Every structure is written in structure tokens, then in C-alpha cells.
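> What would the 3D arrangement of this be:
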Amino acid sequence: MTFDLIVRGGEVVDGTGKEPVAADVAINGDRIVAVGQLADAEAGRVIDASGMVVAPGFIDVHNHSDGWLLKEPNFKCKTLQGFSTEVLMADGISYAPVDQSNWREWIHYLRPLNGLSLSDYDGWETLDDYMQRLDRHTAQNTATHVPYANVRALVNGFGSRPIDDSQAVRIRKLIEREMDAGAVGLSTGLDYIAQNFSTTDELVEACLPVAERGGFYVTHVRYKKTLLPAMEEAFEIGRRAKIPVHISHLKIHDPPSHEEVFAAIERAEAEGLEVTFDVYPYQSGSTMLNYILPYEIWEDGPLAATAKMADPVVGRRVMDAVNAYRRDLDQLRLAWVQGHDRRDQVGMTLDQIVDQSGKSAADTLLDLLIEENLGVLCVVDEGDDALVEPMLQHPRSMLGTDGIYQPGGHVHPRVFGSSGRFLGELVREKKLMSLAEAVHKMTGLPAWRFGLTGRGEIKADNYADLVVFDPLTIEGPASYDDPCQYTRGVKHLLVNGQSVVSDGDAVELKESCPGRFLKYRSG
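Numbers count the residues shown, from 1 in each chain. Okay, here's the model as predicted:
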């Protein structure tokens, strides 16, 4: 018997949660064709996995890779972590759908969160337009949500005007179009632009065409509202729309306690609601500095926001918003700026930048945002990383990096180190859970939740997305002080049978890229 490739001699952790078994994995083309003892089989190529774990390729269910994947064929900070698939367009905000009147608004707004500049735009409008540009042009597979803010902005602009009946019909048709193109569900980020003005009733109605197609509701809840009320709104939407709910990057923010958060999930499940969530293995967060601005700034869109910030009345309201934010300025660290003049401040806390300026906090932050044309990213100190451990252990949780990549920045270490920290420090050293359970949270569980047919499990006829890593050495050395360090210990990564990491190095991909656009529940 001869195969194209055999991964030989490893411990197979198959993604189901079952304990490891010694087995070989044979591949023909893009498919796994046999799993077992294949000592007598021959192959055109053999990967020696002795002493290694062989697992399904990891699936990152929450990230901000949308633009970078269009620019970098092999997105090393993720493939060297073992991620074979990225689920894009999280938090209800992304580069599609757009139209010729607002694409510049979105690229401008997303610059501190993602990778594209105005010069990168080449005419796409729909989700399918964008995803086809990634299909077979990147190392990794991609799937997508329907980002609600983009849909709402197409119909109603960026302001607070209520959605009228005819607009609700247009929103429904747009969501139907994008779901029929293969999206997994509807994503919202209710603290972010356009969708922050959405009512609960509006979101229930937006979820109906998703529910009709068997999709689900993925939400960055209204964290500014405080966590438990924000979760309850998400559960209400799920119950009324009869749709599963997945909460993005769910962590405690004292208060409430872990027990209170878990009790809320249990109550929702007892009422028949299907609930899951993702979390990354760090307590601190990261987002755009403009996150803390009062919502009125966005009424006329991102391109008009900078001029609004020069208004003294708005300046006073910015200070009110800063005071209402759950963290002090000494807990926000400048991670990246778009321009060059303030590069020397990257790594400083906002409190230090205010002291250096000699101005008020409001004036300093407004100056920073105006000078950088909104292009400012921060890392937010939210406490001891141990606080996230119970979230990772919860049976409904799965891993999502929420990774934000900015070359030259002092970014959050999660974009480089999530899988390594999870499997190394937390699983191997702290023994938060078994290796099999940890792998399940990165493979089989997200493949089920996000409808990635033929992925997330090592078995015959599934696609050959495989990661080979050393369980004794895998680690995420990226830290808050030195965040741009690649995960160590991933030896090989195959995507649809093609190597994108080989012997611990990212493979340079020029013409033949294996990543595919994965449509919801479609083989």
C-alpha cells in the first residue's frame, strides 16, 4: 500500500477528547485516508513524529486576521502556533460587506485593529467577494461571520437613527445573501461602531434569517453595560430568535465572579438555550483607543470623527467616557500608533503620556487620537492571568486568540503565544485539564460549533489539517514585556495535506497556497 504522505510514529490526539493513541496517519491529496499501525505502508514522503503529538490543525474562532491574510500568504504568528483555520469578521466589524460609498470608512476605522490600507482596496463589496480573494491565496483555511455593523451601515449609515420597517427588510435580505454565501452566523460587537446603536428588538429580528439557516449568534456583548446584564441581553436574543448563542472573549471583570457568570450560563441552558463561548489564555485585553470615545463621535462615520473631536463640548464628554471606563489610565498601555512622531511612546501607559504632556487627560487623549487619525491600539491590564483559568476549564469554552497583529508594535502577546501558553504553561505545567481535552477545545469543539465539516478530528475521509508538536517543549514565550516572540514546539503544520510549517519553520508560499474558504456545514 502506497500513500502520498505518512505522519509516522506519533501519539494521535484525535480532537474528540479521547486519550492519545500511538498511530500513523496516511494522507492522499487533501484527505486523511488511514489512521492506525501502518509500518508496512510506503509513502512518497514521511514525517517522523516520534515523541510528538499529532492533532487536528487548530481552529482560531476569534481573531483580527481579516486584512493580514490578504497581505501575507503565510501568517507566521498564527501558523507557528499550529492554527490551520481562522474564523474571520468577528465583533460585527470587518472589510465586507461594503459599497462604493463606505469602504473607505471601514478601512480607516479598522486600521489599528487590522492590516489594510486604502491602497489595498480593489473593489470587493460582498462577503463572498472578499472570501474568494483569500481562497487558495493563504496558508490557512478561512471561514466567516456576517459582521452586523457592516450590514447596518449599508442600510442606515453609522448613526443612531432607528431602523424602520423597510430598512429591516433590507437588512434581512443582506444577511440572507451572506449566509447563503457560506457564513457561519451573525457576529456583533455591541460596544463598537454602528451596532452600538442597535436595540435588542432589532438584533432579534436580524438573527431570524440566521436561525432559519441553522446558524448561530456570536456576540461581543455590551461589556460597557457590565457583564451580567450584557450576557442576559445575549440570552434574550437567543431565546426570542430561537438561535444558539456564542459569547466572544468571555472573561470576568470584577465584579461579577466566575460563579455568577457560570450560573447565568447554566440558567440559560436550563431554559433550553445552547450556549458556548471563546476565551484566550490571558486576562488582560487589547483594543483600539477609540473604544472609550462617546458614541456620538461616530454619528457621521469614522472619517468625520476626527473633526468632531476638536469640539470643546465633545472634549468634556470624552473625559466623562474616560471616567466611566472600567480601568484607570495607568492600566492602558500604548501598543501601536499609525504615525511616526509618537513611536517613542509605544510601551508607555496612557497615564505616563498624560503626565509627559502636561495637559488634562481628555486633551492628551484627544490630541493622540487626532494626530494619529484614530490609528491607536492599546493593551489593557485587567488583572492576574490566573483569573482566566476557570474560563478555560469550563466545558462550553473553546480557544480564540483575539489576536491583533501590528508590525513594530508592542502588541498583546496573545497573537503570538496563545496556543503555546495554553498547551505549555497551563496544560502541561499547571495541569488545568488533560491534553486531550485541551486539544478538543482547539479542534473538535470549534469545528462542531462553527460548522466546519470534515475538520477538527483525525479520521479517515476528513481533510488533512494536521499539527505535529512536541508536548514536552511547546510554549508561548511571548510576554507583556516582550510580546513578539513566536510559539515554540510546533514542528509541522499541514493544511489540506500541504506543509505550511516544516521542521519548525514557516514554509515560504509563492504560488501554491492550500487555504480554502470553508462554507458553513459544507464539505
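
> Parallel or antiparallel, which strands does the longest strand along the chain pair with?
The residue-count maximum for a strand in the chain (DSSP state E) belongs to strand 2-12. Within its sheet, and counting by DSSP bridges, strand 2-12 is paired with strand 21-28 (antiparallel), strand 42-48 (parallel), strand 53-56 (parallel).

> excluding its backbone neighbours, what's nearest residue 96?
Spatially, and ignoring its direct neighbours in sequence, residue 96 is nearest to residue 130 (4.0 Å; Cβ to Cβ, 6 or more residues apart in numbering). Any C-beta I mention is one placed from the backbone N, CA and C, and that applies to glycine too.

> Which residues belonging to whichever strand or helix holds residue 129 are considered buried?
Per DSSP states H and E, residue 129 falls inside helix 127-134. Residues 127-131, 133-134 are the ones in helix 127-134 that count as buried (16 or more other Cβ atoms under 10 Å).

> Which residue ranges of the stretch 201-350 of the chain form helices?
Using DSSP state H, counting those that start in this stretch, the helices of the stretch 201-350 of the chain run over 227-241, 258-270, 302-308, 312-324, 350-357.

> about what we covered before: dump the strands paired with strand 2-12 to a markdown table, plus mean pLDDT, mean neighbour count and distance to residue 261.
Listed next are the strands paired with strand 2-12 as a markdown table, based on pLDDT from 0 to 100; neighbours: other Cβ atoms under 10 Å; distance: least, Cβ to Cβ, whole Å:
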| stretch | mean pLDDT | mean neighbour count | distance to residue 261 |
| --- | --- | --- | --- |
| strand 21-28 | 98 | 20 | 35 |
| strand 42-48 | 98 | 15 | 42 |
| strand 53-56 | 99 | 28 | 29 |
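
> Those strands: which one's closest to residue 180?
Shortest distance between residue 180 and the strands paired with strand 2-12, using Cβ to Cβ, is found for strand 53-56: 27.7 Å.

> What is the subsequent helix or strand relative to the closest one?
strand 58-60.

> so what strands line up beside that next one?
Going by DSSP bridges, the partners of strand 58-60 are strand 83-88 (parallel).

> most packed of the helices of the stretch 201-350 of the chain?
helix 227-241 (a mean of 19; mean count of other Cβ atoms under 10 Å).

> now the angle from it to helix 258-270?
10 degrees (axes from the mean of the first three to the mean of the last three Cα atoms, to 10 degrees).

> tell me how far helix 227-241 is from the chain's mean position?
21 Å (Cα atoms, centre = their mean, to the nearest Å).

> coming back round to it: what's the closest of the buried residues of helix 127-134 to residue 252?
Comparing those against residue 252 with Cβ to Cβ places residue 127 closest, at 33.2 Å.

> ok so, going back, any chance you could list what contacts the longest strand of the chain?
Residues outside strand 2-12 that contact it (Cβ atoms under 8 Å, 6 or more residues apart in numbering): 20-29, 33-35, 38, 41-55, 458, 464, 466, 468, 471, 492, 494, 497.

> could I get it in PDB with only the CA atoms?
Provided in PDB are the C-alpha atoms of strand 2-12 (Å, rounded to 0.1, in the frame of the first residue of the first chain):
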ATOM      1  CA  THR A   2       1.400   3.400  -1.000                       C
ATOM      2  CA  PHE A   3       0.300   6.800   0.100                       C
ATOM      3  CA  ASP A   4       1.300  10.400  -0.700                       C
ATOM      4  CA  LEU A   5       2.300  11.100   2.900                       C
ATOM      5  CA  ILE A   6       2.500   9.300   6.200                       C
ATOM      6  CA  VAL A   7       2.900  11.000   9.500                       C
ATOM      7  CA  ARG A   8       4.600   8.100  11.400                       C
ATOM      8  CA  GLY A   9       5.200   7.200  15.000                       C
ATOM      9  CA  GLY A  10       3.300   9.900  16.800                       C
ATOM     10  CA  GLU A  11       0.800  10.000  19.600                       C
ATOM     11  CA  VAL A  12      -2.500  10.800  17.900                       C
END
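
> Now tell me what touches stretch 225-233 from outside.
190, 200, 221-223, 247, 252-253, 256, 260-261, 264-265.

> So which of the helices of the stretch 201-350 of the chain is nearest residue 427?
Counting by Cβ to Cβ, residue 427 lies closest to helix 258-270 out of these; the figure is 19.1 Å.

> now the closest one: mean pLDDT?
Mean pLDDT, computed over helix 258-270, is 97.

> Please identify the buried residues of stretch 62-73?
Within stretch 62-73, the residues that count as buried by 16+ other Cβ under 10 Å are 62-70, 72-73.

> how long is it end to end?
One end of stretch 62-73 sits 19 Å from the other (Cα to Cα, to the nearest Å).

> Quick one: residues in contact with it.
For stretch 62-73, the external contacting residues (Cβ under 8 Å, 6+ apart) are 75, 78, 86-90, 94-95, 110, 113-116, 120, 133-134, 137-140, 142, 248-249, 278, 280, 400-405, 509-510, 513, 515.

> Pretty sure residue 102 sits against residue 156.
No: in this structure, residue 102 is not within contact of residue 156 by Cβ atoms under 8 Å, at 11.3 Å.

> In terms of packing, which of these two has more residues around it?
Just comparing residue 102 and residue 156: by other Cβ atoms under 10 Å the higher neighbour count belongs to residue 156, 21 against 18.

> Name the residues that touch the lowest-mean-pLDDT helix or strand in the chain?
The helix or strand of the chain with the lowest confidence, counting by mean pLDDT, DSSP states H and E, is helix 312-324 at a mean of 79. Residues from elsewhere that reach helix 312-324 (Cβ under 8 Å, 6+ apart): 224, 292-294, 296-297, 308-309, 329, 360-363, 365-366.

> What subset of the residues you listed is buried?
Counted by 16+ other Cβ under 10 Å, the contacts of helix 312-324 give 224, 292-294, 296-297, 308-309, 329, 361-363, 365-366 as buried.

> pLDDT weak spots in the stretch 301-450 of the chain?
Scanning the stretch 301-450 of the chain for pLDDT under 70 picks out 326.

> Go again with 90.
Scanning the stretch 301-450 of the chain for pLDDT under 90 picks out 306-328, 360-363.

> what sits against residue 60?
Residue 60 makes contact with 78, 83, 85-87, 399-401, 403, 418 under the criterion Cβ under 8 Å, 6+ apart.

> try residue 419
Residue 419 makes contact with 58, 81-83, 399, 401, 442, 474, 476, 487, 490 under the criterion Cβ under 8 Å, 6+ apart.

> Now it: which helix or strand?
helix 414-421.

> go on, residue 364?
Counting by DSSP H and E, the element that carries residue 364 is helix 361-371.

> Convert that helix to CSV, retaining C-alpha atoms only.
Provided in CSV are the C-alpha atoms of helix 361-371 (Å, rounded to 0.1, in the frame of the first residue of the first chain):
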residue,chain,number,x,y,z
ALA,A,361,-6.3,63.6,30.3
ALA,A,362,-9.1,64.4,27.9
ASP,A,363,-6.9,66.9,25.9
THR,A,364,-4.0,64.4,25.8
LEU,A,365,-6.1,61.5,24.6
LEU,A,366,-7.9,63.7,22.0
ASP,A,367,-4.5,65.0,20.8
LEU,A,368,-3.2,61.5,20.5
LEU,A,369,-6.2,60.3,18.5
ILE,A,370,-6.3,63.3,16.2
GLU,A,371,-2.6,63.2,15.5
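
> what angle separates it from helix 350-357?
Using the same axes, to 10 degrees: helix 361-371 against helix 350-357 is 90 degrees.

> Okay, now stretch 338-355: how far is its last residue from its first?
22 Å.

> Show residues contacting that stretch.
111-112, 328-337, 356, 360-361, 364-365, 368, 371-373, 375-376, 378, 408-410.

> Apart from its chain neighbours, what residue comes closest to residue 506?
That would be residue 76: by Cβ to Cβ, 6+ apart, it lies 4.4 Å from residue 506.

> Nothing else from me, thank you.
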